[in-house]
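K.L.:
okay, structure incoming, though there's no sequence with it:
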């Protein structure tokens, strides 16, 4: 688990004593946007989607959480409201810690706090990059970048190529890359006809990785 | 300084012993994007612009740093390369710490690490909001949001209204809100003609705050 990297076995045992285990079905809402933030979560098995809505109801996907990653943690250290909602993609298992326990652990083992700084730093860099992409790049490039990030996070090699190992609808791809469902459908259909990707059963497989990288870099498909 | 909030006077003295002071003229580049990250900075006086360029040369403004804020810190905890460049807006004074000293301070005073988690968390929330805005909102709303954020961070009350207290060109406003210089000029000129803002000498003053808030919320100007 990324948060506890580098801890001694004794320290690890300490972190587990105060953790609560959650077994969750697919499509379970773990917390709502705006809820008071009471616990920090780590995903053990499965997948979670973090989405944010604006006052006008428009939604974007902030990120997909893979096993080993934290979620819902930032709110404990800011304004104590979850800034987004968390919904399981598949059957999942998560651990959680209360705010008091997490602060106590961080004070006892400063390495946890240093790890958390690194985690938030990497996430900040990713969102800044996505901001730059959406501000300056074509929609083809943004979709290619989104798929490559997911493949890096949750890619499984199959006979056909690299499958992104959780349910991914075209609406989610649109909400990740800041475009419309219509545009995503048009582009993914073209890529599928060219044999670069396969989509079936809400799974996306990148068959021609080099081509998707080239689109991400040059914007030409 | 946000990083050292809540520290005892003794701990504060410890943080200052290993700090280096930098006196910087306007338009000084403190570090380049891609440079190896060696030091974490805190701004004491003045202003700093953090910008990121893509491989295609397109640039976005990541944020403006106000006195009391940290910059260049995230890279120490991630891949050790500055992901953006830092340039002073005006004559400025900054402090900096080496990576080794910063880690040592965070281990000795876990409160520093907890503060840093809060700082990065709030910054992450802001970038996520800007991402959602650019993905879903009109350019008028995004420009209004950008000006309101700057006014909150560096606003000074003058007879005319709230002046954003550092040099701000239309190009920077464009790079913050993910649009073109042409569009920003067209919109700001219209707002200025309506008496809602005044721009002179690279300073922007919000004269009709309520109107700018309404544009940020409703998108109608």
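P.N.:
Okay, I see it. Here the structure is a predicted model, which is why all the values come from computation and not from measurement. Residues are numbered from 1 along each chain as shown, chains lettered A, B, ... in the order given.
K.L.:
relative to helix B:110-136, how tilted is the longest helix belonging to chain A?
P.N.:
Assignment by DSSP state H gives helix A:110-136 as the longest helix of chain A. In terms of direction (axes from the mean of the first three to the mean of the last three CA atoms, to 10 degrees), helix A:110-136 departs from helix B:110-136 by 20 degrees.
K.L.:
following element in sequence after helix A:110-136, please.
P.N.:
Sequence-wise, the next helix or strand downstream of helix A:110-136 (DSSP states H and E) is helix A:139-154.
K.L.:
contacts for whichever helix or strand comes after that following helix, please.
P.N.:
Using DSSP H and E, the helix or strand that follows helix A:139-154 towards the C-terminus is strand A:155-157. Residues outside strand A:155-157 that contact it (CB atoms under 8 Å, 6 or more residues apart in numbering or on different chains): A:162, A:163, A:164, A:165, A:206. Heads up, the C-betas are built off the backbone N, CA and C, glycines and all.
K.L.:
tell me the two of those that are most distant?
P.N.:
Maximum pairwise distance among these (CB to CB): 11.9 Å, between A:165 and A:206.
K.L.:
in terms of neighbours, single out the busier of those two.
P.N.:
residue A:206 (24 against 20; other CB atoms under 10 Å in any protein chain shown).
K.L.:
what about the more buried one, distance to residue B:70?
P.N.:
According to CB to CB, to the nearest Å, residue A:206 stands 38 Å off from residue B:70.
K.L.:
kindly report the same for residue A:52.
P.N.:
Distance from residue A:52 to residue B:70, by CB to CB: 25 Å.
K.L.:
where does chain A have low pLDDT?
P.N.:
In the predicted model, chain A carries no residue with pLDDT under 70.
K.L.:
if we use 80, what do you get?
P.N.:
A:55-57, A:219-221 (pLDDT under 80).
K.L.:
circling back: near chain B at all, the longest helix of chain A?
P.N.:
Yes. Against chain B, helix A:110-136 shows contacts by CB under 8 Å from any CB of the partner chain at A:110-111, A:113-114, A:116-118, A:120-125, A:127-136.
K.L.:
what packs against that helix?
P.N.:
strand A:59-65, helix A:99-108, helix A:139-154, strand B:48-53, strand B:59-65, helix B:99-108, helix B:110-136 (3 or more CB pairs under 8 Å, 6 or more residues apart in numbering or on different chains; DSSP states H and E).
K.L.:
put together a markdown table for those, with distance to residue A:74 on each row.
P.N.:
Putting those into a markdown table (distance: least, CB to CB, whole Å) gives the following:
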| stretch | distance to residue A:74 |
| --- | --- |
| strand A:59-65 | 11 |
| helix A:99-108 | 12 |
| helix A:139-154 | 18 |
| strand B:48-53 | 20 |
| strand B:59-65 | 17 |
| helix B:99-108 | 18 |
| helix B:110-136 | 4 |
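K.L.:
compare those and give me the one nearest residue B:10.
P.N.:
The nearest among these, by CB to CB, is helix B:99-108 at 10.9 Å.
K.L.:
buried sites along the closest one?
P.N.:
B:99, B:101, B:102, B:103, B:105, B:106 (16 or more other CB atoms under 10 Å in any protein chain shown).
K.L.:
grab the nearest non-local neighbour of the last one.
P.N.:
If you skip the residues right next to it in sequence, residue B:106 has residue B:113 as its closest partner in space, 4.4 Å away by CB to CB, 6 or more residues apart in numbering or on different chains.
K.L.:
re earlier: go through the buried residues of helix B:99-108 and say which is closest to chain A.
P.N.:
Nearest to chain A among the buried residues of helix B:99-108: residue B:106, at 6.1 Å, using CB to the nearest CB.
K.L.:
for the longest helix of chain A, buried residues please.
P.N.:
By 16+ other CB under 10 Å, the buried positions in helix A:110-136 come out as A:110-121, A:123-125, A:127-136.
K.L.:
the closest residue to residue A:101 other than its chain neighbours and residue A:45, how far apart?
P.N.:
Among residues not flanking residue A:101 along the chain, residue A:18 sits closest, at 4.2 Å (CB to CB, 6+ apart). Distance, residue A:18 to residue A:45, using CB to CB: 20 Å.
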